[in-house]
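Undergrad: I would like to see how this sequence folds:
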Amino acid sequence: MPTLYEYFGIVVYFYANEHLPIHVHSDFQDRSCKAKIIFEHGNVKEIIIENVRGRKPLQEPQLSDFIMVVERNAADIVKKWNDYFVLRKTIRKVVIKKRYRRTR
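TA: Numbering: from 1, shown residues only. Below you'll find the predicted structure:
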């Protein structure tokens, strides 16, 4: 289960045996969520946030933080997906220590 990011207690990761579409999971304490990244012509078209069946969903402000992490790192997430699942490279976790500024 490669971890991609840690952001103020939120852990963002892939499961080791993932499937398309490209997506990441997140955990904060006993809550979870996932984000699907939909691409069209090489660009991020949409990010779809979903609850994880059988788990309590993320609450605010962690849900907003998770969305920001995915939005700001979508291209890197796709690169890491390809590195891990296609090229079989090791993924290194990034610990984000500086708060993202909310733009909305």
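
Undergrad: any weak-confidence spans in this structure?
TA: Residue ranges of the chain with pLDDT under 70: 103-104.

Undergrad: helices of this protein, start to end?
TA: Here the chain has its helices, by DSSP state H, at 62-81.

Undergrad: any idea how far stretch 13-26 is from the middle of the chain?
TA: Put simply, stretch 13-26 sits 8 Å off its chain's centre (CA atoms, centre = their mean, to the nearest Å).

Undergrad: need the contact partners of it.
TA: 1-4, 10-12, 27, 32-39, 52, 58, 66, 69-70, 77-78, 80-81, 84-85, 91 (CB atoms under 8 Å, 6 or more residues apart in numbering). Heads up, the C-betas are built off the backbone N, CA and C, glycines and all.

Undergrad: select the longest strand from this structure.
TA: Assignment by DSSP state E gives strand 31-40 as the longest strand of the chain.
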